[in-house]
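> make a model of this:
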Amino acid sequence: MPSSKTKVPKENFFNVPAFLTVSGQLHLEVMSGAFTRVFTIGPTFRAENSQSRRHLAEFYMVEAEISFVESLQDLMQVMEGLFKSTTMMVLSNCPKDVELCHKFIAPGHKDRLEHMLKNNFLTISYTEAVEILKQASENFTFTPEWGVDLQTEHEKYLVKHCGNIPVFVINYPLALKPFYMRDNEDGPHHTVAAVDLLVPGVGELIGGSLREERYHFLEQRLARSGLTEAYQWYLDLRRFGSVPHGGFGMGFERYLQCILGVDNIKDVIPFPRFTHSCLL
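Have a look, this model is predicted:
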C-alpha cells in the first residue's frame, strides 16, 4: 500500500488500462505465425472465487501453440506426448523425491501413475460424456445436462468410468467456450473444436482447442460478443494471412498434483494465493 507521502500517478502507467494475464495464448498465436511451434511457462492469474483443492488465484501454466495443426487428434497427440515424456523425465531424474511423496503422502499412487503411462489415453465427445453422466448411479451435486459445463465431480467420475486412464473430452458446445475456438459447423448442437484432458484425482489438467483461423467466422464471433474493437489486432492476424493452428495450456501445479498424488493444490506451490488469502 502506498504511504501518505507516495505520489499516486494520475494516469495509467501504460497510458491504457492494463491487467494481470489469465493466459499467454493470444500472444503465442502471434509468435506461432513466425516460428511455427512455440511455448511458454509463466505465472497466470485468475480472480475465481473458489476455495477448492484445485484452484489458485496465481499459478503457473505451460502453454503451447502449433501452426499447421488441422485436427484435434494431432493436437491431442502432442498433449499426451507432453504428459508422458515429462513424467518419464521426472521419474528418471528425481526418483527419490517422487518416491518420498508416494510413500508418505499417496501410498499406491506409483501403480496408478504407471497405469496412466502405459495406456493410450482415451477420447470421448462432450455429448458422450453427458450421456455417461446421466446414466450414472452417482448422486451428483450438479445435474449433468447438455449445454452446461462439466463440474469437477463430473470430470473425476468420467476418469473413473474410463478405468482411471486419462481421457480427452472433445467438441464442447460453442456457447460454453471463448470466441477464438474453431467452429465445427455441426448443425443443431453447434460445437467447437475444443479439448480437455481429464486425469485421475484432479479432473481437468490441460485445456486446448483448434483456433478459428477463418476471418469472417472470427469477425462474427467478436461482433456478437462486443469485442471487435478490443481485439482488432487479433482479427488482423487473420486479415493479413493465417494458417490452421491450435494450442493448449497445462496447469503446472495440477500436473504436480497428478504425478505426486498430492490432494490439495496449495501443497505444491511455495506461496499459495487464493481468494481472501495473500499472506506473502
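
> how distant is stretch 264-280 from the center of its chain?
The chain centroid and the centroid of stretch 264-280 are separated by 19 Å under Cα atoms, centre = their mean, to the nearest Å.

> gap between the residue most central in space within the chain and residue 25?
Taking Cα atoms, centre = their mean, the centroid of the chain lies closest to residue 207, which sits 3.0 Å from it. The spacing between residue 207 and residue 25, counted by Cβ to Cβ, to the nearest Å, is 10 Å. For the C-beta atoms, the positions are set from N, CA and C on the backbone; glycine is no exception.

> who touches both of the two?
Here residue 207 and residue 25 have residue 249 as joint contacts, going by Cβ atoms under 8 Å, 6 or more residues apart in numbering.

> residue 138: how many residues sit nearby?
Using other Cβ atoms under 10 Å, residue 138 has 12 other residues around it.

> just residue 19 next, same as before
Residues lying near residue 19 (other Cβ under 10 Å) number 7.

> contacts for the strand or helix carrying residue 192, please.
Assigned by DSSP states H and E, residue 192 falls within strand 191-199. Outside strand 191-199, the residues that touch it by Cβ under 8 Å, 6+ apart are 72, 75-76, 79-80, 83, 116, 121, 126, 150, 155-156, 158-159, 166-174, 177, 181-184, 204-210, 246, 248, 258.

> what do you get if the cut-off is 6 Å, keeping everything else the same?
Contact with strand 191-199 is made by 72, 79, 155, 158-159, 166-174, 177, 181-184, 204-210, 258, as judged by Cβ atoms under 6 Å, 6 or more residues apart in numbering.

> did I read that right, residue 78 in a strand?
No. Secondary structure of residue 78 (DSSP: H, G, I helix; E, B strand; the rest coil): helix, not part of a strand.

> quick one: low-confidence ranges for the chain?
Along the chain, segments meeting pLDDT under 70 span 1-10.

> do you know how far the nearest residue to the residue nearest to the centre of the chain once chain neighbours are set aside is from residue 150?
Spatial nearest neighbour of residue 207, excluding adjacent residues (Cβ to Cβ, 6 or more residues apart in numbering): residue 196 at 5.0 Å. From residue 196 across to residue 150, the span is 8 Å (Cβ to Cβ).

> what segments of the stretch 151-280 of the chain are helices?
Taking DSSP state H, counting those that start in this stretch to define them, one finds helices in the stretch 151-280 of the chain at 152-161, 215-225, 232-239, 252-260.

> closest one to residue 102 among those helices?
When these are compared by Cβ to Cβ, helix 252-260 sits nearest residue 102, at 7.4 Å.

> can you show me the CA trace of that closest one as CSV?
Output of helix 252-260 as CSV, limited to C-alpha atoms (Å, rounded to 0.1, in the frame of the first residue of the first chain):
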residue,chain,number,x,y,z
PHE,A,252,1.8,-26.8,-13.7
GLU,A,253,0.6,-27.2,-10.1
ARG,A,254,-2.2,-29.5,-11.2
TYR,A,255,0.4,-31.6,-13.1
LEU,A,256,2.4,-31.9,-9.8
GLN,A,257,-0.7,-33.0,-8.0
CYS,A,258,-1.4,-35.6,-10.6
ILE,A,259,2.1,-37.2,-10.7
LEU,A,260,2.8,-36.9,-7.0
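
> that helix versus strand 191-199: what angle between them?
50 degrees (axes from the mean of the first three to the mean of the last three Cα atoms, to 10 degrees).

> contacts for helix 252-260?
For helix 252-260, using Cβ under 6 Å, 6+ apart, the contacting residues are 59, 60, 62, 87, 101, 199, 202, 205, 265, 268, 269.

> pull up the gap between residue 95 and residue 260, please.
13 Å.

> please disregard the earlier target; I meant residue 83.
Separation of residue 83 from residue 260 (Cβ to Cβ): 14 Å.

> between the helices of the stretch 151-280 of the chain, which one is closest to residue 44.
helix 252-260 (9.2 Å).
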